[in-house]
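Enquirer: Mind folding the following:
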Amino acid sequence: MSTKIKENKIPGLAIFIQWGIYLTALMPLIVFRDYISPFHFGKVIVFRSIIEILFIFYLALITLNKEYRPKLNIFSKTLLLFTGLFGVSTLFSVNSSLSFWGALERMGGLWTFIHFVVFFFIITSVFKTKKSWLFFLQITIAVGIVSAIYGFLQKGDFSFIMGSGGRLRIFGTIGNPALFAGYEIFVFFLSLTLALSSWVSRNGKEYYWGAALLSGIAIAMTAVRGALLGTAIGILIFVILYSLKYKTKIAKRILYGIVVLGILFSGFSLIFGGSSFVKDSRYLARVTDFSLKSFTVQTRFWAWQAGLEGWVETPKTVLLGWGPENFNVPFSKHFNPKFYTGDGSETLFDRGHNMFVEILVTMGLFNFLVYVFLFGALIYFLRMYKNKKLKWQKDNTNDDNLNDPVLGMGLISLIIAYMIHNFFIFDTSANFLVFFSVLGFVSFLTIGQGAKKSEEKPDHKTKDSVPSWAQAMIVILLIPALIIIYKTNIVPKNANFASTRGIIAGWDGKFTLAMDYYKEALALNPVTGKFEIREKMIKYLNGESVKDGMTKEEEDAVNFALGEMEKEKKDSPESYLPYIYASRMYILLGMGDPNSKYNDLALQNSMKALEISPTFVKTYHEIAQAYLNKQDYISAIDYFKKAVDLAPDVGVSYWYLARAYVKAEMPNKADEYFDIALAKGHSLSKTDILGQITYYFGKKDYQRLVVLYERLVKLEPDKAEHRAKLAVAYAEAGMIDQAILSARKAAELDKSFAVEAERFILQIQSK
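Expert: Residues are numbered from 1 along each chain as shown. The predicted structure follows:
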């Protein structure tokens, strides 16, 4: 029977499913403002819910009409094999729950991936005509345009645009410049391809040319070098293929122009890359920086190296990987201390920032080979389609002609550009959506969806009405589907929202309310996101509320957090983070009592963290802090020294070491490491500065007091009191001219200092 179904013969059930698929195309625009991970979480929650409902109707459709049953071809078989191996890696993962459900931030994992696979099978089953595919691609491109415009508005300052405020690198509705650039690569090449294809009438081409222009500008404004490189090479390949096929003068001129522009840009970058003109522009400084030694590039290399070192640890990790969503485990085991540039630096990569490395490390060699094969198959079949070497193309005589070499050229260019981009980043939901859409479109074009007109026969089952038994089937199956939606989508949504209420309550100083929200979120027991909620709570307790001398309520909160960390240890036995967070809580409980059992528990946990990740610098700080609590200053100094040895260019470790020497009453060493900390660029907080001022004031070390007061003035330049004290420090250090200038500035800022300032100036001038 024909695989070609006329639009007017499509059953109502299939039309309903088609419109559901059209609805999924809007997913990249979804933003949940009041949630953790607002640009990823909501997209996946909504997408999964739609697919789960559509799947029930699709089951009814294929029961009624075999024409809509999935067709197994090279792409669907490869996808099923990849999914099966994904499942095996999940089964043997170091954290199977995380591999299956994914993390809250990006909502990956096997469960979400299965929804994209189901999406692929549905879209390839119900989109059987050029008209339906073209309409779907039009929606996809329109969504890309809206996301790009949203990104352009991020350059301004609009309260209704998340991420606005003069942003240098836009990220649209995707939430990250690199991910946004990857998404817009699809939009750009689809637009460019359709603009040049015979599928679109002359009157409709302006839409696609405009979309290509806007998406191209959006890619440029992300300043993502991997995406710019991928796009440039993709365009070059497209123009080469086009000029070879059609041999037009304009194609050759465009090709020469692209080559010349590439040479000019490369020359400009090499000649003027270090000029003040380029350096004064953050954008130009970034896109013209080809150095492999830049910090961003280096962090990619370090992450890949850590992942690959973890990959070869055992035969199991080589073949099956560490488990999807668990890149952080080998990354932590083989952590490069150069990542640590001070408190607040990015020291945890939960993804490989390279999809090929990511899949190799987390899913093993088998799935890596399948992943590479999928791209090879895409390019091979598109090349066959472009050259009209597919069997169905040779005898396709129907009016709804699918043959157009431009589609093959454009999609080949898109796949190559996407592969290059993915060599520097990873996929998330919006990118997966357009990738699986393109995969379905390529399947439609290349696997023989066309048919002869003579074979076109109406199906006797294609009537609009749905039999009562099929309606009953839909109702019955919708019940478990709705339960799944509630448990896997609605409950995580409620937990996420409660945790953000806790964060906001913490910002407002409402300790009890904040903890109530965190407890509410965790009590919901969401299938995903528990670690992120626990982490937010721990960081709040550590940084925002709990100080020396805890109240009973604060102590209870810390103990509750410790209980949650014990659960996390069971959930993530190979992760050092639960042990680090538990150690931090025990340190808070043990402050002020050197004999407290909590300090020993802090050491137990931090030592376990050190066992898991022996080169993680912060762990040494935690161990040293526990020893400071125990007043074992020699041991504390020893571990701070180890931190210094691991990251010798980081000022904060020297700063901690200097403070440990102060407590050990070794002032000369304290002075030495204090100076090194400043020389290494350690940025002192106001609390740090005031503490050191007290210390050096007692020693009457005015040279160092000058340095400290200068930093305090830099932090709060409008405070006359700081200027006055700096003037005194200058005077005591013999820096008379600076003392006079500082005293006058104090009087200028606060007139009440005027008389005292003049008296001070006369006094130091008379000496």
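Enquirer: Show me what counts as buried in the longest helix along the chain.
Expert: Longest helix in the chain, counting residues (DSSP state H): helix 355-386. Neighbour-count burial for helix 355-386, counted by 16 or more other CB atoms under 10 Å, picks out 355-368, 370-371, 374, 377-379, 381-382, 385-386. For the C-beta atoms, the positions are set from N, CA and C on the backbone; glycine is no exception.
Enquirer: Mean confidence (pLDDT) on that helix, please.
Expert: Mean per-residue pLDDT for helix 355-386: 94.
Enquirer: Stretch 554-564 too?
Expert: Stretch 554-564 comes out with an average pLDDT of 91.
Enquirer: what's residue 582 in contact with, if anything?
Expert: Residue 582 sits next to 562, 565, 566, 569, 601, 602, 605 when contact means CB atoms under 8 Å, 6 or more residues apart in numbering.
Enquirer: Among those residues, which ones are in strands?
Expert: Assignment to strands by DSSP state E places none of the contacts of residue 582 there.
Enquirer: Which single one of the residues you listed is nearest to residue 89?
Expert: The shortest approach to residue 89 among the contacts of residue 582 belongs to residue 569, at 22.7 Å (CB to CB).
Enquirer: okay, the closest one: pLDDT?
Expert: Model confidence at residue 569, given as pLDDT, is 91.
Enquirer: isn't it right up against residue 581?
Expert: No: counting by CB atoms under 8 Å, residue 581 is not a contact partner of residue 569; they are 9.9 Å apart.
Enquirer: can you list the domains in this protein?
Expert: The chain breaks down by automatic domain parsing into domains covering 7-247+291-455, 250-290, 698-767.
Enquirer: Comparing the ones you listed, which stretch has the densest surroundings?
Expert: domain 7-247+291-455 (a mean of 20; mean count of other CB atoms under 10 Å).
Enquirer: Need the three-state assignment for residue 53.
Expert: Of the three states, residue 53 takes helix under DSSP: H, G, I helix; E, B strand; the rest coil.
Enquirer: which residue sits closest to it in space, ignoring its chain neighbours?
Expert: In space, and not counting its chain neighbours, residue 53 is closest to residue 481: 6.3 Å by CB to CB, 6 or more residues apart in numbering.
Enquirer: Now do the same contact list for the one you found.
Expert: Here residue 481 is in contact with 52, 53, 55, 56 (criterion: CB under 8 Å, 6+ apart).
Enquirer: which regions of the stretch 401-550 of the chain sit below the pLDDT cut-off?
Expert: Within the stretch 401-550 of the chain, the stretches with pLDDT under 70 are 448-464, 544-549.
Enquirer: Tell me where it has strands.
Expert: When assigned using DSSP state E, counting those that start in this stretch, the stretch 401-550 of the chain turns out to have no strands.
Enquirer: Poorly predicted segments of this structure, please.
Expert: For the chain, residues meeting the criterion pLDDT under 70 lie at 1-10, 265-292, 344-346, 391-400, 448-464, 544-549, 767.
Enquirer: centroid residue for this protein?
Expert: Centroid-nearest residue in the chain: residue 176, 6.3 Å away (criterion: CA atoms, centre = their mean).
Enquirer: Not counting its neighbours along the chain, what's nearest that one?
Expert: Residue 176 sits nearest to residue 39 (CB to CB, 6+ apart), 7.4 Å away.
Enquirer: Using the three-state scheme, assign the one you found.
Expert: coil.
Enquirer: That one and residue 255: what is the separation?
Expert: Distance, residue 39 to residue 255, by CB to CB, to the nearest Å: 37 Å.
Enquirer: Equivalent analysis for residue 511, please.
Expert: Taken as CB to CB, the span from residue 511 to residue 255 is 65 Å.
Enquirer: Okay, helices next: where are they in the stretch 501-650 of the chain?
Expert: Using DSSP state H, counting those that start in this stretch, the helices of the stretch 501-650 of the chain run over 511-523, 530-540, 552-571, 577-590, 597-612, 617-629, 633-646.
Enquirer: Measure how the third one sits relative to helix 577-590, angle-wise.
Expert: Between the axes of helix 552-571 and helix 577-590, defined by axes from the mean of the first three to the mean of the last three CA atoms, to 10 degrees, the angle is 160 degrees.
Enquirer: what do you get for the fifth one?
Expert: Going by the same axes, to 10 degrees, helix 597-612 is angled at 160 degrees with respect to helix 577-590.
Enquirer: If you count contacts, what does helix 597-612 end up packed against?
Expert: Contacts defined by 3 or more CB pairs under 8 Å, 6 or more residues apart in numbering; DSSP states H and E place helix 597-612 against helix 577-590, helix 617-629.
Enquirer: Including distance to residue 652, could these go into JSON lines?
Expert: Output for the helices and strands packed on helix 597-612, formatted as JSON lines (distance: least, CB to CB, whole Å):
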{"stretch": "helix 577-590", "distance to residue 652": "16"}
{"stretch": "helix 617-629", "distance to residue 652": "8"}
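Enquirer: closest to residue 646 out of these?
Expert: helix 617-629 (5.2 Å).
Enquirer: How far away from the center of its chain is that closest one?
Expert: The chain centroid and the centroid of helix 617-629 are separated by 30 Å, computed with CA atoms, centre = their mean, to the nearest Å.
Enquirer: Alpha carbons only: can I get it in CSV?
Expert: C-alpha atoms of helix 617-629 as CSV (Å, rounded to 0.1, in the frame of the first residue of the first chain):
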residue,chain,number,x,y,z
VAL,A,617,41.9,22.8,46.0
LYS,A,618,38.9,23.8,48.0
THR,A,619,38.9,20.5,49.9
TYR,A,620,42.3,21.5,51.4
HIS,A,621,40.8,24.7,52.6
GLU,A,622,38.0,22.9,54.3
ILE,A,623,40.4,20.5,56.0
ALA,A,624,42.5,23.4,57.2
GLN,A,625,39.4,25.2,58.5
ALA,A,626,38.4,22.2,60.6
TYR,A,627,42.0,22.1,62.0
LEU,A,628,41.7,25.9,62.8
ASN,A,629,38.5,25.1,64.7
